[in-house]
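# This is a predicted model, with the sequence first.
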Amino acid sequence: MKNADDLSRRTMLKLTGVAGITAAVAGCADNGEEEDEPADDPAEDEEDDTAPVEDDEDDMEDDDEDPADDEDEDEDETDENGDVIEPGTTIEFDAQTPGWVGIEPDEIADEENPTLTLEEGEEYEIGWEEGDGADHNIELVDDDDEVVDDYETEEESEGGDDQFIEFEATDEIAEYVCRPHEGTMRGAIEIEGNGNGDDEEDENGDEDENGDEENGNDNGDDE
């Protein structure tokens with residue numbers, strides 16, 4: 001009986017030791033899992049905090065691009081308006097059926113049917129020397145498409161001196177055109193005032209004022 005009791009006690013001790021070890025291992029495993037979970041939260045918070053920063057940078061880039069776009073539009077509008085061509089300039093084109101192509105001066109080089117801005121009352125020369133072999137001429141016309149002051153050439157397949165016109169820039173001239181290809185070979189002429197008329201008016205006004213003053217003084221002296 002005594003041996004049986006000893007065996008029972010040893011068995012119980014073994015079972016108790018195994019249970020304790022199992023509980024300890026389980027406790028360690030639980031503690032490890034609980035410690036790992038909080039580590040993920042700060043990373044997620046950091047990602048959420050940085051997201052609005054990217055949106056702010058995109059807004060700043062958009063704001064920086066807008067002024068540059070406005071400047072480019074202003075430059076394009078200035079180029080379209082063109083500069084006044086110097087008086088005495090020879091304006092030369094390449095006569096191509098799809099449209100006049102500018103050669104000289106530099107302001108119109110390589111442009112198709114460029115607008116010519118000329119100074120009122122000044123002399124210019126216009127025409128073509130090179131072409132595509134088709135019959136062309138050049139005419140200066142008014143708003144009704146009528147030739148102004150016989151400013152026109154005969155139709156020719158080759159350009160040269162006969163295809164150049166010397167003319168005075170006046171408000172009556174509105175366009176230059178090739179009559180055989182008037183649908184495609186046509187460009188505008190804009191006339192800018194040279195300011196001489198304003199000076200003359202100012203001078204005349206001063207003379208009138210002086211005359212009135214002199215008359216008034218004379219009348220006063222006579223009295």
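Received the coordinates, thanks.

# shaky segments in the protein?
Scanning the chain for pLDDT under 70 picks out 1-82, 195-223.

# one more time with 90, if that's ok
Across the chain, the ranges flagged by pLDDT under 90 are 1-83, 193-223.

# mind listing the strands in it by residue range?
With DSSP state E as the criterion, the chain has strands at 90-96, 99-104, 116-119, 123-131, 139-141, 147-152, 164-168, 175-177, 186-192.

# can you put the ones you listed in CSV and add distance to residue 158 and mean neighbour count?
Yep, even glycine has a C-beta here, placed from its N, CA and C like the rest. Below are those laid out as CSV (distance: least, CB to CB, whole Å; neighbours: other CB atoms under 10 Å):
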stretch, distance to residue 158, mean neighbour count
strand 90-96, 10, 21
strand 99-104, 16, 19
strand 116-119, 23, 21
strand 123-131, 7, 18
strand 139-141, 18, 21
strand 147-152, 17, 14
strand 164-168, 13, 16
strand 175-177, 19, 22
strand 186-192, 21, 17
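
# ranges for the helices of the chain?
2-81, 196-222 (DSSP state H).

# show me what contacts residue 103?
92-94, 109, 130 (CB atoms under 8 Å, 6 or more residues apart in numbering).

# Among those, which one sits closest to residue 144?
residue 93 (23.1 Å; CB to CB).

# For that closest one, give the beta-bridge partners.
residue 102, residue 128 (DSSP bridges).

# Now do the same contact list for it.
100-103, 126-128, 138.

# Next: residue 193.
Contacts of residue 193 by CB under 8 Å, 6+ apart are residue 120.

# Could you tell me the end-to-end distance of stretch 94-112?
9 Å (CA to CA, to the nearest Å).

# got it, and stretch 128-136?
First-to-last residue span, stretch 128-136, CA to CA: 9 Å.

# what's next to that stretch, contact-wise?
92-97, 100, 103, 138, 155-160, 163-164, 178, 180-181, 185.

# and if you look at stretch 108-123?
81-85, 87-88, 91, 98-103, 107, 124, 126, 166-171, 176, 185-194, 196.

# same question, stretch 143-156
127, 135-142, 162-165, 167, 170, 172-175, 177, 179-180, 182.

# Convert the C-alpha atoms of it to CSV, please.
Taking Å, rounded to 0.1, in the frame of the first residue of the first chain, the C-alpha atoms of stretch 143-156 are listed here in CSV:
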residue,chain,number,x,y,z
ASP,A,143,-12.9,96.9,-98.2
ASP,A,144,-15.1,96.3,-101.3
ASP,A,145,-12.3,94.2,-102.9
GLU,A,146,-11.8,96.9,-105.5
VAL,A,147,-8.2,97.8,-106.7
VAL,A,148,-6.9,101.0,-105.1
ASP,A,149,-5.1,103.5,-107.4
ASP,A,150,-4.3,100.9,-110.0
TYR,A,151,-2.0,99.0,-107.5
GLU,A,152,-2.0,95.7,-109.4
THR,A,153,0.3,93.6,-111.6
GLU,A,154,-0.4,91.3,-114.6
GLU,A,155,-0.8,87.6,-114.1
GLU,A,156,2.5,85.8,-114.5
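
# For the contacts of residue 103, work out which two are farthest apart.
109 and 130 (13.3 Å).
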